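Asker: Structure for the following, please:
(4 chains)
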There are 2 protein chains.
Amino acid sequence: MSSQEELRKIALAEFAASGYAATSLQRIAELAGLSKSSVLYHYSSKERLLEAAIAPAIDRMEAILTPLEGVGLGDDRAAFLEGFVDFLLEYRLEVNMFINQGPSLVDVPVIDRANALVYRLAEFFAANSASIEEKMRFGIALGGAAYMLCTVQTLDIEVGPTDETRAALISIMSELLAPVPSR
Amino acid sequence: MSSQEELRKIALAEFAASGYAATSLQRIAELAGLSKSSVLYHYSSKERLLEAAIAPAIDRMEAILTPLEGVGLGDDRAAFLEGFVDFLLEYRLEVNMFINQGPSLVDVPVIDRANALVYRLAEFFAANSASIEEKMRFGIALGGAAYMLCTVQTLDIEVGPTDETRAALISIMSELLAPVPSR
DNA sequence: ACAGGTTCTGACCGATCGGTCAGTTTGACA
DNA sequence: TGTCAAACTGACCGATCGGTCAGAACCTGT
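Answerer: Now for the predicted structure:
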C-alpha cells in the first residue's frame, strides 16, 4: 500500500476515534512509522488530509441523494433504504466523523460540503413527510441507524455478522419509514 | 448569576457546539467577558470545568438507570420512556457532548463515568432483549432520539413546540420498544 | 479610614500545535 | 557508475495551548 493511502486510512481512523482537533500530525506520523514532515510531504496540510479522508464518502452520499431530489421518494422506499444502509456499513468511519464533528468543523470546505449534504437530506425528508411525526420518524431511523453503528464500533459492543445486521437494520427502518397514511 | 454558574453554562454550550479539544479557555473567557486567569480562578483546570458542565446530567442518568438494573425493564416501558425522553429534552447539550465526544475523551475521569454509564445502558438493554433485532431496536430508538435532538439543534432545523416533540418521540419510541414477542 | 477576604488581571512559563525549508536517503533507469 | 526525481527527515518558526503567580481592584464589615 502506498504511503498516501496508508496515511489516509490512519488519519480517518484517528479522526473518527479521537476527533480532528485532538489528533496531531505527529500522532498520525507515529502510527504510520513516518516523520511529521513526511506526512506533510504527502498532504500539504492537515485540512487536505481530512479532505482526502472523507471526500469519497461525501461523493457517494451525494450520488445517492441527488437523483432522488428530482423525483421524490415515492412509495418504493425499500430500494433507497438498502442503498442507504449499505452506504452506512461501508463508510462507518466517515459517517461517524461528520456526524460527530461536522457542526464543530465549519469553515473547513470539505466539512461544509458534508454539512450541506446532511441539511439537504433533512430537507428532502421534510418534503416527503406529511407530518412532524413522520419527519421525526425519518430522523430517528436514519440518525439512529447511523449512531448505533458508530457506537457499536467505538464501544466495541459485540454484534452479529454483517449481513444479519444489515437485514435487521433494513427491517426496522422500513417499519419506521413505511408510507402509512393513518396509523 | 454568579461567574461560576455563567462560566459553566458558557463552557457547556461551547464544548457541545465546537468540541472540548477545540474550545480554548481563552475563548470561554472572551464569551464570559473575563480574562483566562479568572476562568482558572473559578475552575482550577479545563478538566474541572468540563466536569462541572456535564456532571449533573450524568448524575440524573445514573439515577434513572440504577434502580432499573435491579428489577429489569418489565412490560411497563412507558414510564421508563417518558423519563428518558424528559432527560433528553432537559440535558440536550450534555447528551450531545458525551455522545459525540465521549469516546475521544477517555482518561478524563468524568467522561469515563459517562462512558461507563452508556455501556451499562447498552448492557441493560441487551439483557432485556430476546434477539439481536430487538437489541438493535433499542439502539435505534435511544440513539436516534438523542441524535435527532442534537442535530435539530446544531443545524437549527425548525421544529414544533416542545410538548409536541415530546409526545411524538414517546409515541415513536414506544412503537420501537413494544415488547411484542412475534412480529 | 482601615482591614481582610473575594474576585480578577497581566506577565510569564514550558509544551505542543501546524507548517516551512534545506538537505539527505532511496530507487529506477541510462 | 552517475543522474535525477521521488520520498523522507531534522531543525526550526510563530502561534497558541493549559496553567502559575504576584499583585491590583473590589466589596463588606468595623
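Asker: Every contact and neighbour count from this point should use C-alpha atoms.
Answerer: OK.
Asker: Contacts only, for the residue most central in space within chain A.
Answerer: Nearest to the geometric centre of chain A sits A:V95, at 1.9 Å (C-alpha atoms, centre = their mean). A:V95 makes contacts with A:57, A:88, A:146, as judged by C-alpha atoms under 8 Å, 6 or more residues apart in numbering or on different chains.
Asker: now A:A78
Answerer: For A:A78, the residues meeting the contact criterion (C-alpha under 8 Å, 6+ apart) are A:S174.
Asker: first to last residue in stretch A:63-82, what's the distance?
Answerer: With C-alpha to C-alpha, to the nearest Å as the measure, the first residue of stretch A:63-82 is 14 Å from its last.
Asker: residues of it that come out buried?
Answerer: Taking 16 or more other C-alpha atoms under 10 Å in any protein chain shown as the basis for neighbour counts, the residues of stretch A:63-82 that come out buried are A:65, A:73, A:81-82.
Asker: Can you confirm whether the longest helix along chain A lies near chain B?
Answerer: When every helix of chain A is counted residue by residue (DSSP state H), the longest turns out to be helix A:46-71. No: using C-alpha under 8 Å from any C-alpha of the partner chain as the criterion, no contacts between helix A:46-71 and chain B are found, and the smallest distance is 14.7 Å.
Asker: can you tell me if that helix touches DNA strand C.
Answerer: Yes: among the residues of helix A:46-71, A:46-47 lie within reach of DNA strand C under C-alpha under 7 Å from any atom of the strand.
Asker: So which residues of chain A form helices?
Answerer: A:3-18, A:25-32, A:36-42, A:46-71, A:77-90, A:92-100, A:109-127, A:132-154, A:162-177.
Asker: Please identify which of those is closest to DNA strand D.
Answerer: Of all these, it is helix A:36-42 that lies closest to DNA strand D, at 3.5 Å by C-alpha to the nearest atom of the strand.
Asker: quick one: buried residues of the closest one?
Answerer: With burial defined by 16+ other C-alpha under 10 Å, the residues of helix A:36-42 counted as buried are A:36, A:39.
Asker: likewise stretch A:102-115?
Answerer: A:102-105, A:110-115.
Asker: Point out the least confident one among those residues.
Answerer: By pLDDT, A:P103 ranks lowest within these, coming in at 71.
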